[in-house]
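# Dropping a prediction and its sequence here:
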Amino acid sequence: MKKANIIFMGTPEIAVPTLEKLNQKYKISAVVTMPDKPQGRGKKIIPSPVKIKAIELGLNILQPEDLKDNNFIKKIEDLNPDIIVVFAFRYLPKEVYTIAKFTFNIHTSLLPQYRGAAPINWAIINAETLTGMTSFLLNEKIDNGDIILQKRIVIPYNATAGDLTNIMMTEAPDFAIETCEALISNNYELTSQSDVFEFPAPKLFKENLEIRWTEHAISVVSFINGCSPVPCAWTTWDGKTIQILRAKIPTSIEIIECDNDVIKLKNPGDFCIIDKKLFVSCAVGIAEIIEIKLENKKALSIKDFLNGYRGEKCGKFMMK
């Protein structure tokens, strides 16, 4: 039987295992990814993770600056794909997604919930316990096409966005294969998305990621974990910006074991270092910091950080 002709479109690390798995089962006639861009302080030109994997697999690579460029569209048409698989890529114009019989996107939420650029982050920020993946046919509206398949994924307790991303990376390859097989065999039923949804998932920006200790501890911890490892929540300590990568709600026993020092946590932002642990007062409840990163320093567990800390035992994280 002739292998299905697939074009894969993606850029970041999360899409790499899916490309690899699709390549094992189908004919990948092209991989479309973002143009190489300068990164880091040295502005070194670095290819995307998907491009690196495509090179390793010996696949044809296309990196258009403009997805509406006629030369690019002609190349896709000439490849005559059966299916275009899109995972963590850009918005595709109609001129591109209509070339194949089927063009579907893998979105890391249970649509129509969490439409947008950061569904994994926002699921954690909103303290969800369940999320998932959706494959849907592309149309002119972003993340709005008819649903092909969905897969539910339980969010582990205290998971960060990075933890959940790793889970998605593991689950997505088989999900992509399952979707392709459903389309190839004509064994699927499309489900229209509702225009009503409760939680959007817009892109997160550093200027909006200051930790609000004036909120409930559950909200604070969820916000910290949902922004980790990128773009990363931050606060101000001794006049310097610090990033907090992981936090949790301490148990009642953990708090009781901290003796009378906990009574110093009176107002939002108050912190105390007790037995190599860092606790911060919120509007309601206490957050425990698990991982931290100072400016121009590497991320450290709170235990490793406190081993070298010589500052005040109790103080306050400031808020703008």
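Sure, I can see it.

# In the stretch 201-320 of the chain, what residue spans correspond to strands?
Using DSSP state E, counting those that start in this stretch, the strands of the stretch 201-320 of the chain run over residues 233-237, 240-248, 270-274, 277-281, 286-294, 300-301, 314-316.

# Looking at those, spot the one closest to I153.
Closest to I153 of these is strand 240-248 (Cβ to Cβ; 19.9 Å). Where C-beta positions appear, they are placed from N, C-alpha and C, glycine not excepted.

# What mean pLDDT does the closest one get?
Averaged over strand 240-248, pLDDT sits at 95.

# Report the buried residues of that strand.
242-248 (16 or more other Cβ atoms under 10 Å).

# Of all the strands of the stretch 201-320 of the chain, which one is nearest I167?
strand 240-248 (16.1 Å).

# how big is the angle separating the closest one from strand 277-281?
Strand 240-248 and strand 277-281 are oriented at 100 degrees to each other (axes from the mean of the first three to the mean of the last three Cα atoms, to 10 degrees).

# Quick one: list the elements packing against strand 240-248.
Packing partners of strand 240-248 (3 or more Cβ pairs under 8 Å, 6 or more residues apart in numbering; DSSP states H and E): helix 217-226, strand 233-237, strand 286-294.

# which one of the ones you listed is the most hemmed in?
Ranked by mean neighbour count, the helices and strands packed on strand 240-248 are led by helix 217-226 with a mean of 23 (mean count of other Cβ atoms under 10 Å).

# thinking again about what came up before, got the strands of the stretch 201-320 of the chain as CSV, with distance to T179 columns?
Putting the strands of the stretch 201-320 of the chain into CSV (distance: least, Cβ to Cβ, whole Å) gives the following:
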stretch, distance to T179
strand 233-237, 34
strand 240-248, 33
strand 270-274, 47
strand 277-281, 43
strand 286-294, 35
strand 300-301, 39
strand 314-316, 51
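
# Determine which of the ones you listed approaches K25 most closely.
strand 240-248 (36.6 Å).

# returning to what we had before: tell me which of the strands of the stretch 201-320 of the chain sits nearest to Y114.
So among the strands of the stretch 201-320 of the chain, strand 233-237 is nearest, using Cβ to Cβ, at 18.8 Å.

# Go ahead and flag the most central residue of the protein.
Among the residues of the chain, I120 comes closest to the average C-alpha position under Cα atoms, centre = their mean, at 4.5 Å.

# any idea which helix or strand carries it?
If you go by DSSP states H and E, I120 is part of helix 119-125.

# Return that helix as PDB; C-alpha atoms alone will do.
Taking C-alpha atoms only, helix 119-125 is exported to PDB below (Å, rounded to 0.1, in the frame of the first residue of the first chain):
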ATOM      1  CA  PRO A 119      -2.800  26.800  26.300                       C
ATOM      2  CA  ILE A 120      -0.400  24.800  28.500                       C
ATOM      3  CA  ASN A 121       0.500  27.800  30.600                       C
ATOM      4  CA  TRP A 122      -3.000  29.000  31.100                       C
ATOM      5  CA  ALA A 123      -4.300  25.500  32.100                       C
ATOM      6  CA  ILE A 124      -1.800  25.500  35.000                       C
ATOM      7  CA  ILE A 125      -2.300  29.200  35.800                       C
END
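
# That one: how far from the chain's middle?
Relative to its chain's centre, helix 119-125 lies at 7 Å (Cα atoms, centre = their mean, to the nearest Å).
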